[in-house]
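**Student:** Curious how this folds, go ahead:
(2 chains, ligands or ions: 4)
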Amino acid sequence: MYKILKNEELAPKIKLFEVYAPEMAEKAKPGQFIIVIADEKGERVPLTIADYDAKKGTISFVFNEVGKSTKQLGLLKKDDGIWNITGPLGNPSEIKRFGRVLCVAGGVMIAPMRLQVKALSDAGNSVVTVVGARIKDLLFYEDEMKALSDEFYVATDDGSKGFKGLDFLKDVLAKEKFDRCVVMGPVVMMKNVSEITKPFGIPTVVTLTPIMVDGMGMCGVCRVTVGGKMMFGCVDGPEFDGHKVDFDGLIKRQRMFLPEERLSSLLWELHGGCRCGGK
Amino acid sequence: MAESKPKPKIKKEAVPIPKQKPEERRRNFNEVALGYTEEQALEEANRCLQCPKPQCVTGCPVEIEIPAFIKLLREGKYEEAIAKIKEKNSLPAICGRVCPQEEQCQLKCVVGKVGEPVSIGRLERFLADWERERGFKVPEIAKSTGKKVAVIGAGPAGLTVAADLAKLGHKVVIFEALHLPGGVLVYGIPEFRLPKKIVQAEVDYIQRLGVEFKCGFLVGRTYTIPELLKERGFDAVFIGTGAGLPAFMNVPGEDLGGIYSANEFLIRVNLMKSYAFPCYDTPIRIGKHVVVIGGGNVAMDSARSALRLGAEEVCIVYRRSREELPARKEEIENAEEEGIVCKFLAAPTRFIGDEKGWVKQMECICMELGPPDDSGRRRPVPVKGSEFVMDTDTVIVAIGRTPNPIIQRTTEGLAVTRWGTIVADENGKTSLEGVYAGGDIVTGEATVISAMGAGKKAARAIHEYLMKK
Ligand SMILES: Cc1cc2nc3c(=O)[nH]c(=O)nc-3n(C[C@H](O)[C@H](O)[C@H](O)COP(=O)(O)OP(=O)(O)OC[C@H]3O[C@@H](n4cnc5c(N)ncnc54)[C@H](O)[C@@H]3O)c2cc1C
Ligand SMILES: Cc1cc2nc3c(=O)[nH]c(=O)nc-3n(C[C@H](O)[C@H](O)[C@H](O)COP(=O)(O)OP(=O)(O)OC[C@H]3O[C@@H](n4cnc5c(N)ncnc54)[C@H](O)[C@@H]3O)c2cc1C
Ligand code: SF4
Ligand code: FES
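**Tutor:** Numbering: from 1, shown residues only, chains lettered A, B, ... in the order given. Ligands and ions are numbered 1, 2, ... in the order given. Model prediction:
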């Protein structure tokens, strides 16, 4: 059991948990993820590490309540236990001095991006940050991100705050030179940003979120095509070259279990989950 | 009563094991073989000739004193009989169910020369179940030596090393990457062949020997082996990380929806209990026409699981012929009784998907058998222009698994073969001091009992090493 020390709602349906996990806290690095299992019947849910503190022995993660597993997780309170957490998994991000870096984060992934922005600016980069969400109510960490960045932009899909959509990035890129771009967010957003940076020749790193089961290279469900080659998201990634990823293939694979996930979510909403008793 | 001379007349047929009827079991995950009753066990035990130079023992990788335990069994001394087995084997309920006895002890049994060999495995299972139902006795544990051993991986190799070292008085911690211990026994072999509660019972027993389990701990990512030895106070390490990396065929269309590696499929079904979805949260989608590619135990297990999940028809596609099928004979028969069909001498060349990215057809090419290859089996050769297409909406790729690479990549100085297996001598000693390895990670895909045998030898070597240190 992993004890929840802090439970905070950052925006509607977006929750931050801080848990006590000293061994993980000691080893975690930006870009890595963990796998959370709420209870014995639970799914293995991969979530990106949003913060860690080796001294306190804690790690944090932020999740969006989208389906049954994350909704159920969201019901846990401070001092409750999480059945199992495995991590840190995946390769850490490459953090060094690149020069000028553009960091684009969407939705729930703003949380782990904060860790990246911090690490990149600590490594001596000048960082331009963009945070985006569907609507302005779903934005969080704006002040923190602004404080950590040299330049800061906000965008929403509906234009309720900041720029409408991400097309403004083309102007930003046309004006000044960037050495690297890091994108974390929904797949469609990562695809868009990669398409925008490509003509400018800016190396672009995306954090892929294919469906995963074990998260350590045993099942192969997380396979993605990168540069025409089959890669495993969990052990070869999660970060890949955005200009080489077959995003459309990834989007199709992410939808594989949609009907089942909907059923599970619906049963959960209607009467607190399946009641067959395990048979 | 037991006799030491062969009876003049031996019953040629073994006592059959009661099984669930094929038409019932093909739709449930309950155990197929129900196990001998006491009467049946005694009847079968009486077929043993109590050979003075028992050949069966030479076929057993851990050298269980087979005639001795059978003798105790037929004298009704069940407690002593199971104790006899456990001198050599800590996981008898598991081995009694999944060991390929037909290629090991039973292959050598002399009764097999005139009829069916003595069903040694079924007798082992009977005794193990008899004991489990009555609760395990914890054996005596030696006085603490003050030494600490890290075991990486809680499969049969790791569990065996841990049990043996704990009994010798060492402090043992097992680090397991998954959230449950057991290795392939919990994530691979299905419930209907090996119920998880049996694995759990034997794991509990090992825990009661004082072994500590740390699940959800991927060595290499959290702590590395050098860190365990230098910073975490361990005096020795055993690597039993198995062969858990799925192989794909690298043919076009393999990333379509509905195409699973056998590992993914079996992990979902066994470890995550998808067959009980939505009560358990992990989903599985199974279509009407399932194709399984491969011919080993993994392919059989996948095919039979798919059938139980509701597939209308399940077809195994294998590139050699029936004679070369590597799966256990008993399981092939079980599969056929349940209605699984095999298509021999064919191999997939590409997968064709629908507009949603879901597989709908598979193109295959016919094979013929050429001269033997490295493996000693006749090599399949494609027949030009023989392509054909079959409809399918679920494909399970069960063509083999290779070693887990994470330890090898994060342990400097550890000698590795070009197949990615760890180099170890017959006692499990690797190229690094204090580091031992055994099981599938050393041999490549093998068997439960060979992994356990490796664990036993390594435990002996580690004990010697620690006592000299
Ligand atoms: C490496 C990695 C890191 C991730 N980091 C975070 C994070 O920090 N915060 C966060 O909120 N989410 C993160 N995700 C996504 C998260 O794992 C899924 O949203 C979660 O599994 C959904 O579980 P659920 O049962 O609640 O929803 P489900 O009912 O399983 O699914 C709801 C919706 O999410 C989609 N989905 C399912 N699994 C995934 C997946 N693995 N990735 C993306 N979409 C998925 C489904 O298609 C469906 O549309 C990450 C995923 C990966 C692979
Ligand atoms: C579907 C299937 C059916 C089979 N049927 C049979 C059968 O009927 N009879 C038979 O004899 N054999 C059978 N086998 C083969 C047999 O199961 C294996 O040979 C045996 O389990 C190998 O044991 P092991 O201890 O070496 O490894 P495994 O059982 O593979 O266990 C290795 C463990 O190590 C863990 N691990 C890996 N890397 C790390 C790490 N870095 N840190 C921490 N933990 C790690 C894994 O999660 C796993 O739990 C079957 C195999 C499969 C897949
Ligand atoms: S070889 Fe067969 S008959 Fe002889 S002792 Fe072993 S089991 Fe009994
Ligand atoms: S999630 Fe299983 S291999 Fe990546």
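**Student:** going forward, measure contacts and count neighbours with C-alpha atoms only.
**Tutor:** Fine.
**Student:** okay, and for the chain, where does confidence drop off?
**Tutor:** By default, I'm working from chain A. Within chain A, the stretches with pLDDT under 70 are A:273-279.
**Student:** wait, chain B
**Tutor:** B:1-9.
**Student:** Can you find which helix in it contains the most residues?
**Tutor:** Secondary structure of chain B per DSSP state H: the longest helix is helix B:448-468.
**Student:** hmm, that one in reach of ligand 2?
**Tutor:** Yes: Helix B:448-468 is in contact with ligand 2 by Cα under 6 Å from any ligand atom, via B:448, B:449, B:451.
**Student:** what's the answer for stretch A:80-100, then?
**Tutor:** No: no part of stretch A:80-100 sits near ligand 2 under the criterion Cα under 6 Å from any ligand atom; the closest distance found is 10.6 Å.
**Student:** Return the list of helices and strands in contact with the host helix or strand of residue B:265.
**Tutor:** Assessed by DSSP states H and E, residue B:265 sits inside helix B:262-266. With contacts taken as 3 or more Cα pairs under 8 Å, 6 or more residues apart in numbering or on different chains; DSSP states H and E, helix B:262-266 sits against helix B:297-308, strand B:394-397.
**Student:** related to what we said a few turns ago, any residues touching the longest helix of chain B, and which ones?
**Tutor:** B:61-62, B:95, B:98-99, B:147, B:156-162, B:164-165, B:168, B:235-236, B:238, B:426-429, B:434, B:436-440 (Cα atoms under 8 Å, 6 or more residues apart in numbering or on different chains).
**Student:** Mark which of the residues you listed are buried, thanks.
**Tutor:** B:61-62, B:95, B:98-99, B:147, B:156-162, B:164-165, B:168, B:235-236, B:238, B:427-429, B:434, B:436-440 (16 or more other Cα atoms under 10 Å in any protein chain shown).
**Student:** hmm, back to that, out of the residues of helix B:448-468 next to ligand 2, which is most surrounded?
**Tutor:** residue B:451 (27 neighbours; other Cα atoms under 10 Å in any protein chain shown).
**Student:** still on that earlier bit, which ones among the buried ones among the contacts of helix B:448-468 lie within helices?
**Tutor:** B:95, B:98, B:156, B:157, B:158, B:159, B:160, B:161, B:162, B:164, B:165, B:440.
**Student:** The residue nearest to the third one when sequence neighbours are not counted: neighbour count?
**Tutor:** If you skip the residues right next to it in sequence, residue B:156 has residue B:452 as its closest partner in space, 5.5 Å away by Cα to Cα, 6 or more residues apart in numbering or on different chains. Residue B:452 has 27 neighbouring residues, counting by other Cα under 10 Å.
**Student:** ok, residue B:452 to residue B:420 distance?
**Tutor:** 21 Å (Cα to Cα, to the nearest Å).
**Student:** now swap in residue A:27 and tell me
**Tutor:** 26 Å.
**Student:** These two: which has the busier surroundings?
**Tutor:** Taking other Cα under 10 Å, residue A:27 and residue B:420 do not tie; residue B:420 has more neighbours (18 against 15).
**Student:** Look up phi and psi at the more buried one.
**Tutor:** The phi and psi values for residue B:420, taken as degrees, to the nearest 10, are phi 90, psi 0.
**Student:** That one reaches residue B:403, doesn't it?
**Tutor:** Yes: using Cα atoms under 8 Å, residue B:420 is in contact with residue B:403, at 6.1 Å.
**Student:** so residue B:369 sits in a strand?
**Tutor:** Yes: checked against DSSP: H, G, I helix; E, B strand; the rest coil, residue B:369 lies within a strand.
**Student:** Across the sheet, point out what pairs with it.
**Tutor:** residue B:380 (DSSP bridges).
**Student:** That one: neighbouring residues, count only.
**Tutor:** 16.
**Student:** give me every residue that touches it.
**Tutor:** Residue B:369 neighbours (Cα under 8 Å, 6+ apart): B:320, B:378, B:379, B:380, B:381.
**Student:** I'd like those residues as CSV, with neighbour count and distance to ligand 2 appended.
**Tutor:** Output for the contacts of residue B:369, formatted as CSV (neighbours: other Cα atoms under 10 Å in any protein chain shown; distance: Cα to the nearest ligand atom, whole Å):
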residue, neighbour count, distance to ligand 2
B:320, 24, 20
B:378, 16, 23
B:379, 17, 23
B:380, 20, 23
B:381, 18, 27
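**Student:** Who are the contact partners of residue B:168?
**Tutor:** With Cα under 8 Å, 6+ apart, residue B:168 has these contacts: B:141, B:142, B:143, B:144, B:463.
**Student:** Most neighbours among those, please name it.
**Tutor:** Neighbour counts for the contacts of residue B:168 peak at residue B:463, which has 20 neighbours (criterion: other Cα under 10 Å).
**Student:** distance of that residue from ligand 2?
**Tutor:** Separation of residue B:463 from ligand 2 (Cα to the nearest ligand atom, to the nearest Å) stands at 19 Å.
**Student:** can you check residue B:232 too?
**Tutor:** 15 Å.
**Student:** Could you report the neighbour count for that residue?
**Tutor:** There are 13 residues near residue B:232, going by other Cα under 10 Å.
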